[in-house]
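Q: What follows is a predicted structure for the sequence shown.
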Protein chains: 2
Amino acid sequence: MTEVHVAPPHDHPVFIGADLPPAEARGPVVIIYDPKVGYLAEKLRSTAEPLLYEAVAGGEGAKSLSVYEDLLRRLARRGVPRDAEVWAVGGGTITDLAGFVAASYLRGVAWRAWPTTTLAMVDAAVGGKTGVNLPEGKNLVGAFHPPRSVSADLQTLRTLPDGRFREGLVEAFKHGLISGDERLLAPWGLSAGAPQLEAYVARAVAVKAAVVARDYRESGERMKLNLGHTLAHALEAVSNHQLSHGHAVAYGLLYAALLGRRRGGADLTGPVLELLEWTAAPPPPAASWEELAVYTGRDKKNRAEKLIWVIPYAAGDLRLETPTAEELRATYEEWRGMLSRRLR
Amino acid sequence: MTEVHVAPPHDHPVFIGADLPPAEARGPVVIIYDPKVGYLAEKLRSTAEPLLYEAVAGGEGAKSLSVYEDLLRRLARRGVPRDAEVWAVGGGTITDLAGFVAASYLRGVAWRAWPTTTLAMVDAAVGGKTGVNLPEGKNLVGAFHPPRSVSADLQTLRTLPDGRFREGLVEAFKHGLISGDERLLAPWGLSAGAPQLEAYVARAVAVKAAVVARDYRESGERMKLNLGHTLAHALEAVSNHQLSHGHAVAYGLLYAALLGRRRGGADLTGPVLELLEWTAAPPPPAASWEELAVYTGRDKKNRAEKLIWVIPYAAGDLRLETPTAEELRATYEEWRGMLSRRLR
């Protein structure tokens, strides 16, 4: 087992390993779990004897205000007290949802996360972001509410489809570009049972932990985590969310790499193209720059009018800059050209 | 104008006076207002030029997840950015609702409160508590999210019915019992136009500000603000919320005063009976102790099983104690006897 500590104000451990021990609750427990990983939930149930044990099917549908309201009312009817802990067992949609329930029930109770996908382990469950979607957009409602602990049990990944296993590591790859840790840029040998997985996940978590500890509320430093995401969100939107988040981010990383190269940075396109290959990304939606630009402007990470992009000049050298409209469009054409050559 | 500062982590001013100047927004503005005080909202609108200007009728009905969701979606559709400020103009139900919208939209934007009732000025708008109700109970969902400023414009009280004006000051009277400031225990001469009102409200705000600054999240000190509220919530519940909050708290203060006297404290019943008179409290619901006790146990302020009561031994000397069931019942009989003599 490896332990990574997220520094204050988060101040909680992240445990990574196979077959982790259950946490010691400091009060009554509520378990909210994805039935896909019911065997882990059952294991936790037997030790924690929860006041409530609620199944919620993972997926974006879980992150709605109606599921949120339903859970809050169940907690209220059960008389769940203020010193209770909410345990979230599932992928990022379950940890985001259950974390926001914990953040707002009685104006805030404690919670713990058991992320069960690579994406949730290296990204969603670390950093304190919780929330749900609105019909108008993803993650538009929520709270910063760090968990008391995160337990990434690698056993759960054995039931995760290979495609989702790899896709989730796109964010770990991104953490390699942020930190300059080259080992994160080569996930190629990894699979659910691989012995080197624990060290890889721990390294990826450590990068995110360092960034969010330096910047709790996303004022500057934390924007680096947005690398690849401005274009990714636009691609997801124009594809009507047919393109998965992991693949969209991988495409966004390629676009960011091209922006960096154009501005005089190193050429990072090689490993990103390999990442697209390894994750078997389907072709991106055939959208014009004009269609995409509508959505890049709506990205909630961008304040007011000024569109800031996170641009990698090298692994470990990210800069926050505002390219011209002309530059963005030209880079998009370059990106399309590179991808159409790849598909041929 | 009087300014009271609420210390960090709240760290914001409370302005009290007639015809206050509008705030200087640090970003685009959203105004959520009760049409009952539309004239103040219009005044603010003309200087702030808000992105959104939304009327919500005040009252407990405003504090629902459906009104909350509707507002969030309006903000999202308008593309309200992260650096926006939500301005809440109305009574405590509007400031609680709009404050929670601000606390959770994009995981938190800034807000300012323009409380327009005595209750909201001396209590609801100060302390950072925001939230809405569930069908299962009041204030079961929300967040601690202090506003950037509070502007208590005494002009708005001129349109407040006399009964509500006086009822709101029950909480100010309670602040007198908490702090020992005897001047707060004699609101009898006050009315909307009274020249001494500004000083009285400022004193009441200062008490609450001092308590919430010492205890941000209600771990100990802040429980003193719960004086009178355990019985009050039970009375409200058994009356099906026919009994108003102010009157219920006044009755709860009488009960707490009797508990204090029984345990060897000073006799504080005199001014509390006068308060019931001054606020023209209707007779309390005719409930047995057994009926009420169901609800006192559900009070969300109480952790787990142990029922802690806030008991005044003198103005300025409050203690957190757990009386026996026998004592609570006997005090209730004493309370009923005293009130039936008063009604004769």
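A: The structure has been received and is ready for your questions. Note that the structure is a prediction, hence the values are computed from the model and not measured.
Q: can we go C-alpha only for contacts and neighbour counts from here?
A: Fine.
Q: Contact residues of the stretch 51-200 of chain A facing chain B?
A: Applying C-alpha under 8 Å from any C-alpha of the partner chain, we find that the stretch 51-200 of chain A lies next to chain B at A:65, A:69, A:72-73, A:76-77, A:79, A:81-83, A:103-108, A:129, A:131, A:134-137, A:139-144.
Q: Take the residues you listed and keep only those in strands.
A: A:129, A:131, A:134, A:137, A:139-144 (DSSP state E).
Q: returning to what we had before: ok, of the residues of the stretch 51-200 of chain A next to chain B, which come out buried?
A: When those are checked for burial by 16 or more other C-alpha atoms under 10 Å in any protein chain shown, the buried set is A:65, A:69, A:72-73, A:76, A:81-82, A:103-108, A:129, A:131, A:134, A:137, A:139-144.
Q: And the pLDDT for residue A:114?
A: pLDDT, residue A:114: 98.
Q: Can you show me the CA trace of the strand or helix carrying it as CSV?
A: Using DSSP states H and E, the element containing residue A:114 is strand A:110-115. C-alpha atoms of strand A:110-115 as CSV (Å, rounded to 0.1, in the frame of the first residue of the first chain):
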residue,chain,number,x,y,z
ALA,A,110,-17.7,14.6,6.5
TRP,A,111,-17.2,12.1,3.7
ARG,A,112,-14.7,9.5,2.4
ALA,A,113,-14.1,8.4,-1.2
TRP,A,114,-13.6,4.9,-2.6
PRO,A,115,-12.9,5.7,-6.2
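Q: Give the other helices and strands that the next helix or strand after it contacts.
A: Per DSSP H and E, the first helix or strand lying C-terminal to strand A:110-115 is helix A:118-119. Under the contact criterion of 3 or more C-alpha pairs under 8 Å, 6 or more residues apart in numbering or on different chains; DSSP states H and E, helix A:118-119 touches helix A:162-179.
Q: so how far is the helix it packs on off the chain centroid?
A: 9 Å (C-alpha atoms, centre = their mean, to the nearest Å).
Q: for that helix, which positions count as buried?
A: A:164-179.
Q: Send me whichever helix or strand comes after that helix as CSV with only the CA atoms.
A: Downstream of helix A:162-179, the first helix or strand assigned by DSSP H and E is helix A:197-214. C-alpha atoms of helix A:197-214 as CSV (Å, rounded to 0.1, in the frame of the first residue of the first chain):
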residue,chain,number,x,y,z
LEU,A,197,0.2,0.1,-11.4
GLU,A,198,0.3,1.1,-7.8
ALA,A,199,3.4,3.2,-8.2
TYR,A,200,2.0,4.8,-11.4
VAL,A,201,-1.3,5.8,-9.8
ALA,A,202,0.5,7.1,-6.7
ARG,A,203,2.7,9.3,-8.8
ALA,A,204,-0.3,10.7,-10.7
VAL,A,205,-2.1,11.4,-7.4
ALA,A,206,1.0,13.1,-6.0
VAL,A,207,1.0,15.6,-8.9
LYS,A,208,-2.7,16.5,-8.4
ALA,A,209,-2.2,16.7,-4.6
ALA,A,210,0.6,19.1,-5.0
VAL,A,211,-1.3,21.4,-7.3
VAL,A,212,-4.5,21.5,-5.3
ALA,A,213,-2.7,22.0,-2.1
ARG,A,214,-1.0,25.1,-3.5
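Q: tell me the two of the buried residues of helix A:162-179 that are most distant?
A: Largest separation among these by C-alpha to C-alpha: A:164 and A:179, giving 23.7 Å.
Q: Tell me which stretches of chain A form helices.
A: Counting by DSSP state H, one finds helices in chain A at the ranges A:38-48, A:65-77, A:92-104, A:118-119, A:162-179, A:197-214, A:229-238, A:245-262, A:269-278, A:289-296, A:325-343.
Q: Enumerate every residue touching the residue lying closest to residue A:154 once chain neighbours are set aside.
A: Spatially, and ignoring its direct neighbours in sequence, residue A:154 is nearest to residue A:18 (4.8 Å; C-alpha to C-alpha, 6 or more residues apart in numbering or on different chains). By C-alpha atoms under 8 Å, 6 or more residues apart in numbering or on different chains, residue A:18 lies in contact with A:1, A:153-155.
Q: Check the offset of the helix or strand bottoming out on mean pLDDT in chain A from the chain's centre.
A: Least confident helix or strand, chain A: helix A:289-296 with a mean of 88, by mean pLDDT, DSSP states H and E. The chain centroid and the centroid of helix A:289-296 are separated by 23 Å under C-alpha atoms, centre = their mean.
Q: Which of the ones in strands among the residues of the stretch 51-200 of chain A next to chain B sits closest to residue A:238?
A: residue A:137 (12.5 Å).
Q: contacting residues around that closest one?
A: So residue A:137 contacts residue B:76 (C-alpha under 8 Å, 6+ apart).
Q: ok so, going back, pull up the per-residue confidence for the residue nearest to residue A:154.
A: For residue A:18, the predicted pLDDT is 94.
Q: Distance-wise, check it relative to chain B.
A: 33 Å (C-alpha to the nearest C-alpha, to the nearest Å).
Q: can you check residue A:164 too?
A: Taking C-alpha to the nearest C-alpha, one finds residue A:164 at 27 Å from chain B.
Q: picking up where we left off before, buried ones among the contacts of residue A:18?
A: Applying 16+ other C-alpha under 10 Å to these flags A:153-155 as buried.
Q: Show me which of those is closest to chain B.
A: residue A:153 (28.0 Å; C-alpha to the nearest C-alpha).
Q: Hmm, the closest one is touching residue A:16, no?
A: Yes - using C-alpha atoms under 8 Å, residue A:153 is in contact with residue A:16, at 6.1 Å.
Q: what's the burial count for residue A:78?
A: When neighbours are counted by other C-alpha atoms under 10 Å in any protein chain shown, residue A:78 registers 11.
Q: Report whether the expected contact of it with residue A:50 is present.
A: No - using C-alpha under 8 Å, residue A:78 is not in contact with residue A:50, being 11.1 Å away.
Q: Now do the contacts for the closest residue to residue A:142 other than its chain neighbours.
A: In space, and not counting its chain neighbours, residue A:142 is closest to residue A:131: 3.6 Å by C-alpha to C-alpha, 6+ apart. Applying C-alpha under 8 Å, 6+ apart to residue A:131 gives the contacts A:63, A:96-97, A:99-100, A:139-143, B:107.
Q: got it, and residue A:21?
A: Here residue A:21 is in contact with no residue (C-alpha under 8 Å, 6+ apart).
Q: Ok, the one 10 residues further on next?
A: Going by C-alpha under 8 Å, 6+ apart, residue A:31 touches A:41, A:45, A:50, A:52-54, A:86-89.
Q: With pLDDT and neighbour count added, can I get those in CSV?
A: Listed next are the contacts of residue A:31 as CSV, based on pLDDT from 0 to 100; neighbours: other C-alpha atoms under 10 Å in any protein chain shown:
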residue, pLDDT, neighbour count
A:41, 97, 23
A:45, 97, 19
A:50, 97, 19
A:52, 98, 17
A:53, 98, 16
A:54, 98, 17
A:86, 98, 28
A:87, 98, 31
A:88, 98, 31
A:89, 98, 29
